[in-house]
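Undergrad: just coords:
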C-alpha cells in the first residue's frame, strides 16, 4: 500500500506537490487554514482596489477536484509529533502519515516589535488586503471631512515601509490610485496631492535587483509622485504616527512591507532554523536527520548548487512543489531517487505602475513598457483557472483605458465604520 | 441663492434624487454610512458565492463625479433637529439645510427577538452577504470534518426563514450551490444531499405574487431539492438549532429573510410611523406637517392613487427618487408644483434558479426559461456602470456553462477561522 502523505499548506509549493501526487493517484491529505489558494503576487492589487479578492483566490477543493486521492482538510496545525509521525490540528483532529511535507510559507516580521502590527498592517492574506484597502480609502474620506489643513496633510500621507518588490508595487499603485482615480472624487481635498512615502532602511530599493533597474524604479516612482527615502530605518510606529530616519511623520496609513519570517512550523518540528525561522533542507528538500520530512517554499532555506540560499519567490516555491511532487512519485512508485532540485530563473520582476516594470532574468534585463506588458501577460497566464484569467485580463484592460478602479469598497469589520442598523 | 438640500441615504431612492439635483447644478449634501451604492437585488448572489462584492457595489463618489454641486459625506446620522433644520452625525459634524430628504431604507426585523440576529443573519449589506457566504461554506467544511452522521446531517441543514422573494432566491441558489458546485468538492460528505429548508409562516410563499406563480415557484424549488414548508412560523432561534412549526430542527446555518423594518430615521424625526417604522408621506413624498421634509423608498409609506400603500421594492424607490429629484428641480428652479407620484409597475420578479423565474406585470405574467432570461437581461442592464454590467454578464454566462461559482471565499473576520500567524 502506498504511504499516506500529509502536506501542510496549499500555497504555490504545497498545491503543486498535491497536484503531482494526486495525478499519480497517491493518497494525500492537504491541510490549510484557508479554503482557498491565493495568488499572492497580485495581492497588492486587491489592497489598492484594482481587483476583487475572488479574482486572485481559488477554492482548494475546486483545484483538486479531479484528484480523488487527495483529501483537503481545513484546519490549523498546532503540533507535529516526530515519533508517531502525527500532525495535530487546533480542533483536536490528528493525522498520521508516513511522509510529511511542510509548505506553510512566511508571514510578516516586525523584528520583535509585534505591537506595530496594529498600526502598520502587512500584506499576506485576503483579510490583510481588505484591511489595507479599507483603511487607505478611509484615510482619504477622513481627510475630506477634516477642516484642519495639518490633519488633512497627515491623513493624506501614506507610508509604505520596506523597499522590496511588495513595497515598490504598493507605493506605485497607491500613487496611481490617488493621482488618477481618487483625484476626481473629492470636493475639499485634492487627492492627487497625497504624499506617498516609500521608506527603505538599506542604501537602495529593490536590493535583489541590479543597480540600474533599482535606479530606474526609483526614477519612475518619483515621476508618479512617490517620495523614496533610503537609509531610512523605521524606529517607531503608533496610531497615525511613525518615526523614521530620526524624523517624526504623521500618517493616515502605514503599511508594513519590510520583513518576513517563516511560518512557525519549523519550531513545532523542533529542527534547526535560520534567523528568519526557515528550516534548513538539503537539495532534495528533505530535512536533514528526519526521514521522510520535507520542507519547501518560503518556510525552507534551500541551497543552490553553489550553496547560496534560494530567494523567497513564488516561482521558487512553485518549481520546488513540482520537483518534490515528481520526486515522491518516482520514489514511491519506482523506488527511484530524483536528481537534486535546480531552480530555473524565470525572471525576477517588480511593477512600478502603468507602463513601468523591471525584469531581471540574470542573463538579460528588461524595463519600461515592454517589461510591463510582459509582466501582465505572464501574470494573467499564471493565474489559476480560466475564469480568473479572463476576468483579470478584462479588468486590467478596462482600468488601462479608464484609470478606473472597481473595488473601492470600505468594508472592514473592525469598527471604524458602524454596521448598518 | 438655491436652498441647500441634504439627502440621507444613497440607495436606489437617494442616489436618483442626488443625480437629478446634481444635473441641475443644485447644491446637495448626500450622506451615507457606506462609501458605496449597493445593487441590493443581487446581494443573494454574493451570499451564495456567485458574485463578488465589488460586482454589485459602486463608489458613491464615482457615481456622482460629474455633479460638482453634490457633496458626498461618509457618516452616520444620529440626530435631526426640526427647529434649526440641522442633521447631526455620530462624529459630531452637523449639516444645516433648507430641504431634507430621507431615504435610508429598511433593515431586518426580528419581531422583537433581536437576539436571534447572531444565529440567523439577515441580508441587507455587503458585510451581511460575506458573513452568510462564509458561514454557509464553513457548514459544509465542518460536515466534511465530522465523523458523526447526526452532526453531519445537522451541519448540512440550511434553513432560510421567510418565503418572500429574498428567501426564495436564497433557497434556490443555495440548493444549486450544494447540488451542482459543492457536490464535486468533498470526499466524506455528499453535498448534494444537503437539506435546504424554506420556512414560511403564512399559507404560501411569494405572498405578493399571484397564486399560480407561487405554485410554480414551489414546484421548481422542490425540483431543486428545497423543502418548502408553509404555515411554519419560527418560534425560537439559537446557535445550531431552530424551533419552527413546533418542531426542533438542528441547522448548520439559519438565514433570516422574514421581516424588515424601516430605518430608525422616522423616530429621529419624531413623526408618525406605521408598525414597521415607515414614515407616512403624501403622494408628493412630503412628510405631512413638516415643510420641506421628504421621505421615499423603503423608509416611507406611500399611498397610490387609491390609498393603497406601495410595496417596498427597488423599482418603487428608484422611481420615487427620479420623481422627487425632478419635482424639486421644478419647484426650486421654476416655482412649479409637480403632479403626485404615480408608480409604473415594471414587473415584480423572483428568481428560483437556472431557467426558472417568475414575473408579474399586473396585466400579464411570465415564468420559466423566458422569465429567467428576461430577469437576467434586465438586471444586467440595471446594474450601475458599464464595467459591472459586462463583468456580471460574463460571470453569469460562465456559471451557466460550468455550474461554477467563483467567489467561494471563507473569510469572515469574526473568529471561526483564525487569522494566519
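TA: Nice, thanks for sending it over. These numbers were taken from a predicted model, which means no experiment stands behind them. Numbers count the residues shown, from 1 in each chain, chains lettered A, B, ... in the order given.
Undergrad: indicate the residue of the stretch 201-350 of chain A located nearest to chain B.
TA: Of all residues in the stretch 201-350 of chain A, the one sitting closest to chain B is residue A:264 (6.8 Å; C-beta to the nearest C-beta). For the C-beta atoms, the positions are set from N, CA and C on the backbone; glycine is no exception.
Undergrad: just checking, that residue touches residue A:278?
TA: No. Residue A:264 lies out of contact with residue A:278 (C-beta atoms under 8 Å); the separation is 11.2 Å.
Undergrad: can you pick out the residue with more neighbours from the two?
TA: Using other C-beta atoms under 10 Å in any protein chain shown as the criterion, residue A:264 and residue A:278 rank with residue A:278 on top: 24 against 16.
Undergrad: mind listing what the residue in the stretch 151-300 of chain A positioned nearest to chain B touches?
TA: The nearest approach of the stretch 151-300 of chain A to chain B comes at residue A:185, 3.9 Å away (C-beta to the nearest C-beta). The neighbourhood of residue A:185, defined by C-beta atoms under 8 Å, 6 or more residues apart in numbering or on different chains, consists of A:140, A:191, B:59, B:61, B:62, B:65.
Undergrad: what is the neighbour count of the third one?
TA: Spelled out, that is residue B:59. 27.
Undergrad: next: the last one.
TA: The local packing of residue B:65 (other C-beta under 10 Å) involves 15 other residues.
Undergrad: hmm, back to that, quick check: the residue of the stretch 201-350 of chain A closest to chain B vs residue B:397, distance?
TA: 44 Å (C-beta to C-beta, to the nearest Å).
Undergrad: over to residue A:266?
TA: Counting by C-beta to C-beta, the gap from residue A:266 to residue B:397 is 46 Å.
Undergrad: pick out whichever of those two has more residues nearby.
TA: Taking neighbours as other C-beta under 10 Å, residue A:266 and residue B:397 compare with residue A:266 leading, 26 against 11.
Undergrad: doesn't residue A:195 make contact with residue A:227?
TA: Yes. With contact defined as C-beta under 8 Å, residue A:227 counts as touching residue A:195 (6.3 Å).
Undergrad: which one's more surrounded, the two?
TA: More crowded of residue A:227 and residue A:195, by other C-beta under 10 Å: residue A:195, with 18 against 15.
Undergrad: so how far is residue B:20 from that one?
TA: Using C-beta to C-beta, residue A:195 is found at 38 Å from residue B:20.
Undergrad: I figured residue A:117 hits residue A:256, correct?
TA: Yes. Between residue A:117 and residue A:256 there is a contact at 7.1 Å, judged by C-beta under 8 Å.
Undergrad: between these two, which contacts overlap?
TA: Taking C-beta under 8 Å, 6+ apart as the contact rule, residue A:117 and residue A:256 both touch A:108, A:110.
Undergrad: comparing these two, which shows the higher neighbour count?
TA: It is residue A:256, of residue A:117 and residue A:256, that has more neighbours when counted by other C-beta under 10 Å, with 25 against 13.
Undergrad: and that one, bridged to which residues?
TA: residue A:161 (DSSP bridges).
Undergrad: what's the answer for residue A:95, then?
TA: On the basis of DSSP bridges, residue A:95 is bridged to residue A:87.
Undergrad: that one - how many residues pack around it?
TA: Residue A:95: 19 neighbours (other C-beta under 10 Å).
Undergrad: and it, how close does it get to residue A:31?
TA: 7 Å.
Undergrad: overlap of the contact sets of those two?
TA: Residues touching both residue A:95 and residue A:31 (C-beta under 8 Å, 6+ apart) are A:6, A:73, A:87, A:89.
Undergrad: just these: which are in strands?
TA: Among the shared contacts of residue A:95 and residue A:31, DSSP state E puts A:6, A:73, A:87, A:89 in strands.
Undergrad: the second one - nearest residue in space that isn't next to it in sequence?
TA: If I follow you right, that is residue A:73. Nearest residue to residue A:73 in three dimensions, chain neighbours excluded: residue A:31, at 4.6 Å (C-beta to C-beta, 6 or more residues apart in numbering or on different chains).
Undergrad: ok but the one you found is inside a strand, no?
TA: Yes. The assignment for residue A:31 is a strand, going by DSSP: H, G, I helix; E, B strand; the rest coil.
Undergrad: which residues are in contact with it?
TA: Counting by C-beta under 8 Å, 6+ apart, residue A:31 makes contact with A:6, A:7, A:8, A:9, A:73, A:74, A:75, A:77, A:87, A:89, A:95.
Undergrad: Throw those into JSON lines and include pLDDT, thanks.
TA: As requested, the contacts of residue A:31 are exported to JSON lines (pLDDT from 0 to 100):
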{"residue": "A:6", "pLDDT": "98"}
{"residue": "A:7", "pLDDT": "98"}
{"residue": "A:8", "pLDDT": "98"}
{"residue": "A:9", "pLDDT": "98"}
{"residue": "A:73", "pLDDT": "96"}
{"residue": "A:74", "pLDDT": "95"}
{"residue": "A:75", "pLDDT": "95"}
{"residue": "A:77", "pLDDT": "96"}
{"residue": "A:87", "pLDDT": "96"}
{"residue": "A:89", "pLDDT": "96"}
{"residue": "A:95", "pLDDT": "96"}
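Undergrad: ok, those residues vs chain B, which is closest?
TA: residue A:74 (4.7 Å).
Undergrad: count of residues packed around that closest one?
TA: 22.
Undergrad: helix or strand: which one has the closest residue in space to it that isn't next to it in sequence?
TA: Nearest residue to residue A:74, sequence neighbours excluded (C-beta to C-beta, 6+ apart): residue B:141, at 4.7 Å. Using DSSP states H and E, residue B:141 falls within helix B:126-145.
Undergrad: helices or strands up against that helix?
TA: Helices and strands touching helix B:126-145, by 3 or more C-beta pairs under 8 Å, 6 or more residues apart in numbering or on different chains; DSSP states H and E, are strand A:70-74, helix B:43-47, helix B:149-155, strand B:253-256.
Undergrad: which elements pack onto the first one?
TA: It refers to strand A:70-74. Counting by 3+ C-beta pairs under 8 Å, 6+ apart, strand A:70-74 packs on helix A:12-23, strand A:28-32, helix B:126-145.
Undergrad: which of these sits closest to residue A:45?
TA: The closest of the helices and strands packed on strand A:70-74 to residue A:45 is helix A:12-23. By C-beta to C-beta, the value is 17.3 Å.
Undergrad: quick check: domain ranges of chain A?
TA: A:5-108+A:260-334, A:114-258 (automatic domain parsing).
Undergrad: which among those domains is found nearest to residue B:214?
TA: Nearest to residue B:214, of all the domains of chain A, is domain A:5-108+A:260-334, at 33.8 Å by C-beta to C-beta.
Undergrad: ok, now how distant is the closest residue to residue A:197 other than its chain neighbours from residue A:168?
TA: Closest residue to residue A:197 apart from its sequence neighbours, by C-beta to C-beta, 6+ apart: residue A:159 at 4.4 Å. When distance is defined by C-beta to C-beta, residue A:159 is 14 Å away from residue A:168.
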